[in-house]
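> A structural model of the following input is requested.
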Amino acid sequence: KTKTIGVIIPNILNSFFAKVFSGIEKVADERGYNVIMCISNESLEKEAHTMEMLSNGTIDGFVLSISEEAQKLHDYSHFNSIINDGTPIVMFDRTTDEVECDKVIVDDFDSGQNATQHLIDLGCKNIALISSSNNLSVGKLRAEGYLKALEINNIEINEKIIIRTESESEHDLVEKINELYSNNLVDGVFALEESDSVAALKVGVKKGYKIPKDLKIIGFADGILASRRLSPSLTTVSQHGIEIGEEAVRLLIDRLESKEEHKPFETVVIKTKLKERESTK
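Numbering: from 1, shown residues only. Next up is the predicted model:
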């Protein structure tokens, strides 16, 4: 045993992953483990190469969130071959049913449905969906939750106010939101990534919308960028990143230290929380 854990995160600029990592490091340290962090930069090749490099006896197991490219191509063979070689993996946030391992997820579908329902309860009738995470498992689940809320409330789905893209450049995203606000009478927005919600709010303010009177916005992920620095401040679905990190590394260390031969895999669901701020009230 090396008493070292490999952590692979897809994107260092995302505050959610930074929070998860701080949770991982805290519990690993308490339990006497070191952590090596690597960044896949959303690349399948980099993810696979990093795992191969570290699983040669450098680390005891991995905690990771799947890269965008792996999810887009549905290529998970590198995870299965590492597990088959006897190195355990715990996946968090972005996971797949095609790999049998321990997982820590948030209730993305329910969160999407609840956030949309909250906008409906506030009187919104034309709720736009903005998603630049259409390749990701989490983005798909949140979008399904949004559609479910519309269906339950007998609100017709309007494809013209649904923006689903793959990791857009900021400029392209702003253009699309500009177009959305110009051509459609939108009174609510559910944005699936932190950058989406920031863009939705900024463009809305620029266009002269009074927020939340004319336009109410809820974003996913409670980063510093979204919630605290903007005016008006943004209502967000908070994912409890630190708790996700703590739980993921706990699962891994428990498996590494378990005497059980075939310990059953666990999926732990961490509930999100809607933090209401000025963009809806």
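> Poorly predicted segments of the stretch 151-281 of the chain, please.
Along the stretch 151-281 of the chain, segments meeting pLDDT under 70 span 167-168, 224-228.
> Do a quick rundown of the strands in it.
Using DSSP state E, counting those that start in this stretch, the strands found in the stretch 151-281 of the chain span residues 162-164, 188-191, 216-220, 235-238, 267-270, 273-275.
> Which residues does the fourth one contact?
Yep, that's strand 235-238 we're talking about. 111, 115, 197, 216-222, 226-227, 272-281 (CB atoms under 8 Å, 6 or more residues apart in numbering). (Each C-beta comes from the backbone N, C-alpha and C, glycine too.)
> For PyMOL, write the selection for the buried entries among those residues.
Provided next is the PyMOL selection string for whichever of the contacts of strand 235-238 are buried by 16 or more other CB atoms under 10 Å:
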select buried, resi 111+115+197+216+217+218+219+220+221+222+226+227+272+277+279+280
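> and the residue lying closest to L185 once chain neighbours are set aside, what does it touch?
Leaving aside its chain neighbours, L185 sits nearest to N126 (5.7 Å; criterion: CB to CB, 6 or more residues apart in numbering). By CB under 8 Å, 6+ apart, the contact list for N126 reads 158, 161, 184-188.
> what separates the nearest residue to S238 once chain neighbours are set aside from S81, distance-wise?
Using CB to CB, 6+ apart and skipping residues adjacent in sequence, the residue nearest S238 is D222, 3.8 Å away. Using CB to CB, to the nearest Å, one obtains 36 Å as the distance from D222 to S81.
> P88 now?
Relative to S81, and taking CB to CB, P88 is found at 13 Å.
> Report the beta-bridge partners for V189.
A128, I217 (DSSP bridges).
> Hmm, it is touching I217, no?
Yes. Assessed by CB atoms under 8 Å, V189 is found in contact with I217 at 4.5 Å.
> roughly how far apart are the residue lying closest to S197 once chain neighbours are set aside and T267?
Excluding its sequence neighbours, the residue lying closest to S197 (CB to CB, 6+ apart) is G219, at 2.5 Å. For G219, the distance to T267 (CB to CB) stands at 26 Å.
> One more: T50?
Relative to T267, and taking CB to CB, T50 is found at 24 Å.
> who has more neighbours, the two?
T50 (20 against 12; other CB atoms under 10 Å).
> Could you report the pLDDT at the more buried one?
Looking at T50, its pLDDT reads 97.
> what do you get for G61?
Value listed for G61 in the pLDDT field: 98.
> cool, and the one 5 residues further on?
pLDDT, the model's per-residue confidence, is 97 for I66.
> Mind checking what secondary structure it has?
coil (DSSP: H, G, I helix; E, B strand; the rest coil).
> shared neighbours, V189 and I217?
Contacts common to V189 and I217, judged by CB under 8 Å, 6+ apart, are 197, 200, 204.
> Can you give me every residue that contacts the first one?
In this case it means S197. Counting by CB under 8 Å, 6+ apart, S197 has contacts 130, 189, 191, 217-221, 226, 234, 236.
> Of those, just say which sits nearest to G32.
A221 (31.5 Å; CB to CB).
> Any idea how many residues pack against the nearest residue in space to that closest one that is not next to it in sequence?
Beyond its immediate neighbours in the sequence, the residue positioned closest to A221 (CB to CB, 6+ apart) is E194, lying 4.3 Å away. E194 has 23 neighbours, counted by other CB under 10 Å.
> measure E194 to Y76 for me?
26 Å.
> which ones are touching the closest residue to K160 other than its chain neighbours?
Take K160 and drop its neighbours on the chain: the residue closest to it by CB to CB, 6+ apart is N184, 5.9 Å away. Applying CB under 8 Å, 6+ apart to N184 gives the contacts 126, 128, 158, 160-161.
> No further questions, thank you.
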